[in-house]
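[1] what follows is a predicted structure for the sequence shown.
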Amino acid sequence: MSGVAKINIVESAPELKSLLSGQKTASAKERVQALYLLKTNQVSSVKHLAIVLGRSRITVQRWLRLYRDGGLEAMLKVPQRTGRPRQIPEWAIARLKSELAEPEGFNSYQEVVVWLSAVLDIQVSYDVVYYLVHDVLKAKLKVARPKSEKQDPSAQEKFKKKLAEIIENLISAGVTGLNRIESIRYWCQDETRLGLKTIGGRKLTAPGVKPIGFVQWDFLAYWLYGLVEPKTGASFFWEFSHLDTTCCERFFVEFARAYPNDLHIIQLDNSPAHTSKKLQLPENVILLFQPPHSPETNPIERLWQYLKSFLIWATFDDLDSLKNRVASLVKSLSKSVVKSICGWSDILEALSVAGL
């Protein structure tokens, strides 16, 4: 077979040329090209053809044998791959992908092993699961966002849809009795606890290098009260030693003094410090309570995360040093930064509908 190829090619040269341009895979193009080169006498032997194509002589001989036995269709047929069947079948992989697409996910790769065994009756090793989940499906362990089990998702959706209407009703009730109002403003309020105990987080190191973070375990802490205006990026902060109704009342009084000529609608959570009957509010402050256990509806929560990201793995000699660092961070917050973090589209849309 290394000499002149003795094969009857039934297709004409124009037909082969047309077929060549219509092939979608490199392998099919090579095989049709082999027939075309033989048909047009551009090669003198199988060995010559193998050299032109950059293939081994045995490979070219196999192609021609397929053509001789079954024609062009047999030559171009892609052989079915053989080998050991998957330990996790495709239908099970599809089920696993749908489970990984849920926010609850899995707590570990070992939990996936247990889930496959208990739910799908598939017994596989940890290594098999790790390779499939991590390398093939590209799913990785991530830091989960805490979510209360008491949360009512329907209440959140209703709050977002009805926010404009709620604001309009509050405005109608709040304007009555006020002598002078220059503008009506919408704020989001919350408190966060800051202490000397080190805030941990991820670190970037080379492959195989386990990162180390130095921690101090002093539990001295204070509270930072905050207000942000999603529409403009304005903000207002105050330090307090603890969280209670008395401190909240003082905070709202200081805030009202800073903006005495505006009517302020303030969205906040249902903390006892906010809902206490003892809480006395300035006349130009109206509270709007978000759904219970729903910090996701309040954009100032995202601002706390932003501020604390600058404190990860930081240690301080005393509480005053921490306060100075936080005060510096707060002072550096521009309106554009606050607005980019807290200017959520659903809130801005509701404000627009309410005419604010």
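    Thanks, I have the structure now.
[2] just for the stretch 101-250 of the chain, where's the confidence low?
    Low-confidence segments of the stretch 101-250 of the chain (pLDDT under 70): 174-179.
[3] what are the boundaries of the strands in it?
    Assigned by DSSP state E, counting those that start in this stretch, the strands in the stretch 101-250 of the chain fall at 183-195, 221-228, 235-240.
[4] can you name every helix or strand that the last one contacts?
    Just to be clear, that refers to strand 235-240. Under the contact criterion of 3 or more CB pairs under 8 Å, 6 or more residues apart in numbering; DSSP states H and E, strand 235-240 touches strand 221-228, helix 245-258, helix 319-331. C-beta: built from backbone N, CA, C; applies to glycine.
[5] if we go to 6 Å?
    Judged by 3 or more CB pairs under 6 Å, 6 or more residues apart in numbering; DSSP states H and E, the packing partners of strand 235-240 are strand 221-228, helix 245-258.
[6] hang on, the earlier thing: dump the strands of the stretch 101-250 of the chain into CSV; add mean neighbour count and distance to A74 as well.
    Converted to CSV, these look like this (neighbours: other CB atoms under 10 Å; distance: least, CB to CB, whole Å):
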stretch, mean neighbour count, distance to A74
strand 183-195, 20, 71
strand 221-228, 20, 71
strand 235-240, 17, 75
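[7] so which of the ones you listed gets nearest R257?
    Using CB to CB as the measure, strand 235-240 is the one of those that comes nearest R257, at 10.6 Å.
[8] what's that closest one in contact with?
    W223, Y225, G226, L227, V228, C247, F251, E254, F255, V330, V338 (CB atoms under 6 Å, 6 or more residues apart in numbering).
[9] from the residues you listed, which two are the most distant?
    Spanning the widest gap among those are C247 and V338, at 22.7 Å by CB to CB.
[10] coming back round to it: out of the helices and strands packed on strand 235-240, nearest to K277?
    For these, proximity to K277 was assessed by CB to CB; helix 245-258 is nearest, at 9.1 Å.
[11] which strands or helices does that closest one pack on?
    Using 3+ CB pairs under 6 Å, 6+ apart: helix 245-258 touches strand 235-240.
[12] who has more neighbours, C247 and V338?
    The neighbour comparison of C247 against V338 (other CB atoms under 10 Å) goes to V338, with 22 against 18.
[13] nearest spatial neighbour of that one, skipping sequence neighbours?
    Leaving out its chain neighbours, the residue that sits closest to V338 by CB to CB, 6 or more residues apart in numbering is G233, at 4.0 Å.
[14] dump the residue contacts of the one you found.
    Shown in contact with G233 (CB under 6 Å, 6+ apart): K335, V338, K339.
[15] now do the SS call for the last one.
    Three-state secondary structure (criterion: DSSP: H, G, I helix; E, B strand; the rest coil) places K339 in helix.
[16] quick one: list the elements packing against the longest helix belonging to the chain.
    Longest helix in the chain by number of residues (criterion: DSSP state H): helix 153-175. Judged by 3+ CB pairs under 6 Å, 6+ apart, the packing partners of helix 153-175 are helix 345-353.
[17] next, find the distance separating K29 from I7.
    Plainly put, K29 is 19 Å away from I7 if you go by CB to CB, to the nearest Å.
[18] now swap in Q267 and tell me
    Look at Q267 and I7: by CB to CB, they are 82 Å apart.
[19] which of the two has more residues huddled nearby?
    Of the pair Q267 and I7, Q267 is the one with more neighbours under other CB under 10 Å, namely 24 against 14.
[20] you'd agree that one is in a strand?
    Yes - Q267 forms part of a strand when assessed by three-state DSSP.
[21] number the residues from 54 up from this point.
    That works, and once the first residue is 54, the last one we named lands at Q320.
[22] contacting residues for it?
    By CB under 6 Å, 6+ apart, the contact list for Q320 reads C241, L341, Q343.
[23] which strand residues bridge it?
    For Q320, the beta-bridge assignment (DSSP bridges) gives partners C241, L341.
[24] before we move on, the earlier item: tell me which of the helices and strands packed on strand 288-293 sits nearest to H101.
    It's strand 274-281; of the helices and strands packed on strand 288-293, that one is closest to H101 (CB to CB) at 77.9 Å.
[25] direction included, what does the closest one pair up with?
    The strands that strand 274-281 pairs with in its sheet are strand 236-248 (antiparallel), strand 288-293 (antiparallel) (by DSSP bridges).
[26] between the ones you listed, which gets nearest to L334?
    Across the strands paired with strand 274-281, L334 has its closest neighbour in strand 236-248 (12.0 Å, CB to CB).
[27] quick one: distance of the closest one to the chain centre.
    Distance of strand 236-248 from the chain centroid (CA atoms, centre = their mean, to the nearest Å) equals 26 Å.
[28] report how many residues lie close to the closest residue to T251 other than its chain neighbours.
    Spatially, and ignoring its direct neighbours in sequence, T251 is nearest to V268 (4.3 Å; CB to CB, 6+ apart). Look at V268: counted by other CB under 10 Å, it has 11 neighbours.
[29] could I get the buried residue list for stretch 144-157?
    By neighbour count with 16 or more other CB atoms under 10 Å, stretch 144-157 contains the buried residues A145, R148, L149.
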